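Engineer: for reference, the sequence and a predicted model appear below.
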Amino acid sequence: MRCENKYWNRCEQRDATPELTPPFALVDPADDAVLDDPPLPYPFWLKPVVAFSSTLGFRVDNSDDLRRALERIRPAIGKFAEPFDRLLQRASLGARRASLAGGYCIAEGIIGGRGCTLEGYVQNGEPHVYAVIDSLRGPNAVSFIGYHYPSELPERIIERMIFGTERLVRHIDLDDTPFNIEFFWDEASNDVKLLEANPRISKSHSPLFQMVDGASHHEVAIDVALGRKPDFPRGEGRYHYAAKFMPRVYDDARVTRVPTEEDVARLHDCFPEALFETPLHEGMQLSELPNQDSYSFEIADLFLGGNSRRELTDHFREAMALLDFRFSHEVRTNFEQEAT
């Protein structure tokens, strides 16, 4: 639970790895006083303490941004807060309970750079990191547009992240569980910052491991659950690289065409390893999609393998052309040839 509540997690990070922790503050979104007394100097991020996939997360550059963010957060925060609070009632927290409720937000100092996730596990109190996956963000520097494996970060940076991971995991007494921990590396300043820690595997990474290593990291989770030392394979898959692509649209629009069965069959003819899923249907508005970030709409999940990063990107463009999504008017995307 110390991982699932973002404010609680930041407090633990500050105690264990202060140099990796950005400024942060607890915010009551129902309190109008925050508009006159912002929790951190502008700019900062504001998001619920319990959420996922950047849902209800906003970059706040001034008081107008803060007001608009609170207007969006207030009516929607209960979707995550209420189930978390029910879980909270089963924990022995004493006086800390009130400040850990799910109906709060956290303000965080801006961090950025090249993102990645360390996948690992703890067994008998000893943390182990077995893989690093790069996280790619789109032109708005907010929305995730893909995960690439294996990472291309320098080994010296990965070692710093592993050192911070080991300190945090031991500090919060995490044991007998897989984990994934997200970091950012600012290449210009050489600064490393920790984003969040999750006491589980990432489902988005499972097909990547299958394509590159020949097995899903569910094997790690099962081995740890059974008290066995994981023996995860390396490089036994069909491809040197793999990626999860998240095609995104940055404007609201009506969906006028979704991929047909024939389109998906052509996709698999060209890319036999491809995994594809979309929540769209013809006639819907993109704004009807649930659980989106505040700046874009994720229209599909697409997993592909390749033998270089460039090949993966080329395959992504080709695959999206084959799938042929269409909308009621011209929209900005991250998958058309001119998009960046």
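Structural biologist: Noted; the coordinates are in hand.
Engineer: and the longest strand along the chain, how far out from the chain's middle?
Structural biologist: The strand that spans the most residues within the chain, counting by DSSP state E, is strand 126-137. Taking Cα atoms, centre = their mean, to the nearest Å, one finds strand 126-137 lying 12 Å from the centre of the chain it belongs to.
Engineer: tell me which residues in it are buried?
Structural biologist: Going by neighbour count (16 or more other Cβ atoms under 10 Å), the buried part of strand 126-137 is 127-137. Using the backbone N, CA and C atoms, a C-beta is placed for each residue, glycine as well.
Engineer: repeat that for stretch 65-79.
Structural biologist: Across stretch 65-79, burial judged by 16+ other Cβ under 10 Å covers 65-66, 69-70, 73, 77, 79.
Engineer: got it, and stretch 275-290?
Structural biologist: Going by 16+ other Cβ under 10 Å, stretch 275-290 has these buried residues: 275-276, 278, 280, 286, 289.
Engineer: got it, and stretch 146-157?
Structural biologist: Neighbour-count burial for stretch 146-157 flags 146-151, 153, 157 (criterion: 16+ other Cβ under 10 Å).
Engineer: same deal with stretch 19-30?
Structural biologist: Residues 20-22, 24-27, 29 are the ones in stretch 19-30 that count as buried (16+ other Cβ under 10 Å).
Engineer: tell me which two of these sit farthest apart.
Structural biologist: 20 and 29 (26.6 Å; Cβ to Cβ).
Engineer: spell out the residue ranges of the strands in the stretch 51-200 of the chain.
Structural biologist: 58-60, 105-109, 114-123, 126-137, 144-149, 177-186, 191-198 (DSSP state E, counting those that start in this stretch).
Engineer: so can I have JSON lines of the ones you listed showing mean pLDDT and distance to residue 270?
Structural biologist: Formatted as JSON lines, the strands of the stretch 51-200 of the chain follow (pLDDT from 0 to 100; distance: least, Cβ to Cβ, whole Å):
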{"stretch": "strand 58-60", "mean pLDDT": "95", "distance to residue 270": "38"}
{"stretch": "strand 105-109", "mean pLDDT": "97", "distance to residue 270": "42"}
{"stretch": "strand 114-123", "mean pLDDT": "97", "distance to residue 270": "29"}
{"stretch": "strand 126-137", "mean pLDDT": "95", "distance to residue 270": "22"}
{"stretch": "strand 144-149", "mean pLDDT": "93", "distance to residue 270": "19"}
{"stretch": "strand 177-186", "mean pLDDT": "96", "distance to residue 270": "31"}
{"stretch": "strand 191-198", "mean pLDDT": "95", "distance to residue 270": "34"}
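Engineer: how about the ones you listed in a markdown table, adding distance to residue 335?
Structural biologist: Output for the strands of the stretch 51-200 of the chain, formatted as a markdown table (distance: least, Cβ to Cβ, whole Å):
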| stretch | distance to residue 335 |
| --- | --- |
| strand 58-60 | 23 |
| strand 105-109 | 29 |
| strand 114-123 | 20 |
| strand 126-137 | 13 |
| strand 144-149 | 9 |
| strand 177-186 | 24 |
| strand 191-198 | 25 |
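Engineer: quick one: closest of these to residue 42.
Structural biologist: strand 58-60 (6.5 Å).
Engineer: name the helices or strands packed onto that closest one?
Structural biologist: Applying 3 or more Cβ pairs under 8 Å, 6 or more residues apart in numbering; DSSP states H and E, we find strand 58-60 packed against strand 44-48, helix 63-73.
Engineer: still on that earlier bit, partner strands of the longest strand of the chain, with direction?
Structural biologist: strand 114-123 (antiparallel), strand 144-149 (antiparallel) (DSSP bridges).
Engineer: and of those, who's closest to residue 177?
Structural biologist: Taking Cβ to Cβ, strand 114-123 is the member of the strands paired with strand 126-137 nearest to residue 177, at 5.9 Å.
Engineer: ok, now which ones touch the most centrally placed residue in the chain?
Structural biologist: Nearest residue to the geometric centre of the chain (Cα atoms, centre = their mean): residue 53, 5.3 Å. By Cβ atoms under 8 Å, 6 or more residues apart in numbering, residue 53 lies in contact with 144, 291-293.
Engineer: again, only this time at 10 Å
Structural biologist: Counting by Cβ atoms under 10 Å, 6 or more residues apart in numbering, residue 53 touches 143-144, 204, 246, 291-293, 298.
Engineer: residue 34 reaches residue 73, doesn't it?
Structural biologist: No - in this structure residue 34 lies outside contact range of residue 73 using Cβ atoms under 10 Å: 11.3 Å.
Engineer: spell out which residues are contacts of both of those two.
Structural biologist: Common contacts of residue 34 and residue 73 (Cβ under 10 Å, 6+ apart): 27, 46, 105.
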